[in-house]
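Participant: have a look; sequence and predicted model below, questions after that.
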Protein chains: 2
Amino acid sequence: MGCSSFEVVKTSGGARLGIFHTPHGDFRTPAFMPVATRASVKGITPKELEECGVEIIVANTYHLYLRPGVEVIESASGLHRFMGWKGPILTDSGGFQAYSLSELKEVTEEGIRFKSHLDGSEHLFTPEKVVEIQARLGSDIAMVLDLFFPYPTPKVDARVSVERTVRWAERSREVRADNQVLFAIVQGGTYVDLREECARRLVDLDFDGYAVGGLGIGEAKRVTEEIVIATVANLPSDRIRYLMGIGYPEDIVGAVGLGIDLFDCVLPTRNGRTGTGFTSKGKVMIRNARYRKDDSPLDPECDCEVCRNFSRAYLRHLFLSGEMLGPRALTYHNLYHFAHLMKRIQKAIEEDRFLEFKQNFIKEE
Amino acid sequence: MGCSSFEVVKTSGGARLGIFHTPHGDFRTPAFMPVATRASVKGITPKELEECGVEIIVANTYHLYLRPGVEVIESASGLHRFMGWKGPILTDSGGFQAYSLSELKEVTEEGIRFKSHLDGSEHLFTPEKVVEIQARLGSDIAMVLDLFFPYPTPKVDARVSVERTVRWAERSREVRADNQVLFAIVQGGTYVDLREECARRLVDLDFDGYAVGGLGIGEAKRVTEEIVIATVANLPSDRIRYLMGIGYPEDIVGAVGLGIDLFDCVLPTRNGRTGTGFTSKGKVMIRNARYRKDDSPLDPECDCEVCRNFSRAYLRHLFLSGEMLGPRALTYHNLYHFAHLMKRIQKAIEEDRFLEFKQNFIKEE
């Protein structure tokens, strides 16, 4: 370990421009990962992800382990070939899903025992097993199994999550696969001291990257920010930093300014499916009656395939008629919008005008 | 009228190779029209329709009239611009839907009075109004309002449908729009004499094309064939012939051999959505457990985007996981398969080997 393939190329106003090398190519940071939970970014082909400017996606260990099953993906020579995506893939450890989706049986020092949400079958995720599964899935970046509790977490529980997460990270590190990097996850609820301690102890173990987990689950934005600042201050500058599950464009821009390099969130895909488009002028709820005869594109400043071909009136019609093309089109646009945002951020850092970019961004959106 | 823009280029074994000119370009026949009922071929973009080799699509007057409403499509300068499809569009008259989907109020000589299946509002479709709506939608080919009854139809009812359909066709003809051709629809149930009479009377009125309607609704294939033969024998050879709502690849090949030029059917799209792929070796039910680890493409002989990028195992996984990409992918493949079938038919006629093609086709599938 310690051979992280991440380079920081430039910094500007707290933000970092970087490049991460993987066996399936590089991705530039700050990067946003669309969510391909079940080996598919809902409604979108790998070719379209490329068109949108997506460079890395995130898939989910819990879901893929249960269906189609690791052996199915293994027999296709791994996740990349199985789903037809040639670029980098990060797999989330699935601890969160085992904990939240399933009928939880028991969390012990050994791991998380849970019942499948699909068929009720019983399974055990240990830190070792979760790393092994991800190695078999063949993702480029694996995440350790972590533990956290819903917000608000009493400090005594947050302490438990830190202790267990650190010990599990240590066990994960022992079984780390070749040809796959492993990221640790900092926990500690909303307690700055616990977050600092967790970060330091994980850094002592030496991982290829560090994630900040358990945020964006109900706490105030000010708190999220405080925790990110405290955590980042205790992470090495030569390793990538991943803020899990966040978020809105303004949150991403804010966190980039705090030194975060990597993001994932269901927002562009989920909101696209339900009829919300992210645009240069804020959110557009496409079902709104005001768009009934609106011949203009979803975002007049966007040059994606959807904005070049479909009007708001047509997109609205698709949603009101329950036509599959509606969710597909809005998802596509949103993915393009998020990828384009990351490119604009990267450019601003490259040209050392990130603070200016950030200020204009907050004003515009 | 009488200025049909259809040319028969070549014939072979009963089949005709033709070309139909419209204000939005030509399409070659025999042609298959994917169904874009609500101004969208479910899940598929206009650009992809082109990729698949689709040259003409069919939309539905009843559905578009109710939602988004004619004035919405008019304000986008018509259906082509509204949905982003640049090629020819045929609109079905919507009589069938007014009759079958809605809470029917009354059929009189005046027209069909019905309640919207969306909001219960009351509407009247007269032959004149249906032509006017289609002119406002801006489709290239309009269909007359016709009337038919479910299978089996007693002869007395079939007689009523013939009389009314002919009188309605006459009224439609009077209000036919410029820049839009109008096709009549032959009815008459399963009665050869009624079909012959209906065809002759419609031909006397002189339309730009003739459809055979009210088939494929439960009657035996032998009966369908008999009716098609009797009808075609009474249609002029210089006008296009459209067999409505049919069908399976083998039905299409068969009907082409009887002199039919144009087809539409929900099969490639509907079956695609529910997990059935049409392939060179017959139908593939993609959910079948036998495909669990099947790394081969849906159709090894197909070179569509889906067959070049996705395995059966992956497609199966998408369907079992309820991932939108599954229906989208199978629909795409099926549309490609049907368009490719039409191209093979066209080529066989061009090379005067249609009978041989037909025999091999029946053996293979």
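Facilitator: Sure, I can see it.

Participant: can you show me the helices along the stretch 101-250 of chain A?
Facilitator: For the stretch 101-250 of chain A, the helices defined by DSSP state H, counting those that start in this stretch cover A:127-137, A:155-174, A:192-205, A:221-232, A:249-256.

Participant: how far off centre is the host helix or strand of A:Ala98?
Facilitator: A:Ala98 belongs to helix A:95-100 when assigned by DSSP states H and E. Here helix A:95-100 shows a centroid-to-chain-centroid distance of 15 Å under the convention CA atoms, centre = their mean, to the nearest Å.

Participant: contacts for it, please.
Facilitator: Contact with helix A:95-100 is made by A:60, A:62-63, A:104, A:107, A:112, A:114, A:123, A:125, A:130, A:145-148, as judged by CB atoms under 8 Å, 6 or more residues apart in numbering or on different chains. C-beta coordinates here come from the backbone N, C-alpha and C atoms, glycine included.

Participant: show residues contacting stretch A:290-309.
Facilitator: Under the criterion CB under 8 Å, 6+ apart, residues A:51-52, A:277, A:279-281, A:284, A:286, A:310-313, A:315-316, A:329-330, A:332-333, A:336-337, A:340, B:45-47, B:68, B:71-72, B:75-76, B:84 lie in contact with stretch A:290-309.

Participant: if any of those residues are buried, put those into a ChimeraX selection.
Facilitator: One line in ChimeraX is enough to select the buried ones among these; burial here means 16 or more other CB atoms under 10 Å in any protein chain shown:
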select /A:51,52,277,279,284,286,310,311,312,313,315,316,329,330,332,333,336,337,340 /B:45,46,68,72,75,76,84
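
Participant: so which of the contacts of helix A:95-100 are also by chain B?
Facilitator: A:His63 (CB under 8 Å from any CB of the partner chain).

Participant: pipe the contacts of helix A:95-100 into JSON lines and attach neighbour count per row.
Facilitator: Below are the contacts of helix A:95-100 laid out as JSON lines (neighbours: other CB atoms under 10 Å in any protein chain shown):
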{"residue": "A:Asn60", "neighbour count": "20"}
{"residue": "A:Tyr62", "neighbour count": "27"}
{"residue": "A:His63", "neighbour count": "20"}
{"residue": "A:Leu104", "neighbour count": "13"}
{"residue": "A:Val107", "neighbour count": "17"}
{"residue": "A:Ile112", "neighbour count": "26"}
{"residue": "A:Phe114", "neighbour count": "26"}
{"residue": "A:His123", "neighbour count": "17"}
{"residue": "A:Phe125", "neighbour count": "25"}
{"residue": "A:Val130", "neighbour count": "30"}
{"residue": "A:Leu145", "neighbour count": "27"}
{"residue": "A:Asp146", "neighbour count": "29"}
{"residue": "A:Leu147", "neighbour count": "23"}
{"residue": "A:Phe148", "neighbour count": "24"}
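
Participant: circling back: JSON lines for the helices of the stretch 101-250 of chain A, including mean pLDDT?
Facilitator: Converted to JSON lines, the helices of the stretch 101-250 of chain A look like this (pLDDT from 0 to 100):
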{"stretch": "helix A:127-137", "mean pLDDT": "97"}
{"stretch": "helix A:155-174", "mean pLDDT": "97"}
{"stretch": "helix A:192-205", "mean pLDDT": "98"}
{"stretch": "helix A:221-232", "mean pLDDT": "98"}
{"stretch": "helix A:249-256", "mean pLDDT": "98"}
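
Participant: quick one: the ones you listed as TSV, columns for distance to B:Arg292 too.
Facilitator: Shown next, in TSV, are the helices of the stretch 101-250 of chain A (distance: least, CB to CB, whole Å):
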stretch	distance to B:Arg292
helix A:127-137	17
helix A:155-174	30
helix A:192-205	39
helix A:221-232	42
helix A:249-256	39
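
Participant: of all these, which one is nearest B:Phe357?
Facilitator: Of all those, helix A:127-137 sits nearest to B:Phe357, with 46.0 Å by CB to CB.

Participant: that closest one: how far from the chain's middle?
Facilitator: For helix A:127-137, the separation from the chain centroid amounts to 19 Å (computed by CA atoms, centre = their mean).

Participant: for that helix, name the packing helices and strands.
Facilitator: If you count contacts as 3 or more CB pairs under 8 Å, 6 or more residues apart in numbering or on different chains; DSSP states H and E, helix A:127-137 packs onto helix A:61-66, helix A:70-75, strand A:141-143, helix A:155-174.

Participant: residues contacting it, please?
Facilitator: Taking CB under 8 Å, 6+ apart as the rule, helix A:127-137 contacts A:59, A:61, A:64-65, A:70, A:73-74, A:78-79, A:91, A:93-95, A:111, A:142-145, A:168-169, A:171-172, A:174-177, A:180, A:182.

Participant: ditto for stretch A:345-359
Facilitator: For stretch A:345-359, using CB under 8 Å, 6+ apart, the contacting residues are A:9-17, A:28-30, A:252-254, A:256-257, A:344.

Participant: give the contact list for the most centrally placed residue in chain A.
Facilitator: Per CA atoms, centre = their mean, the C-alpha nearest to the average position across chain A is that of A:Asp264, at 1.9 Å. Residues counted as contacts of A:Asp264 (CB under 8 Å, 6+ apart) are A:32-35, A:58, A:90, A:92, A:242, A:244-245.

Participant: got the phi and psi for it?
Facilitator: Main-chain torsions, A:Asp264, degrees, to the nearest 10: phi -150, psi 150.

Participant: can you name the residues bridging to it?
Facilitator: A:Asp264 has the following beta-bridge partners by DSSP bridges: A:Met33.

Participant: understood, closing this out.
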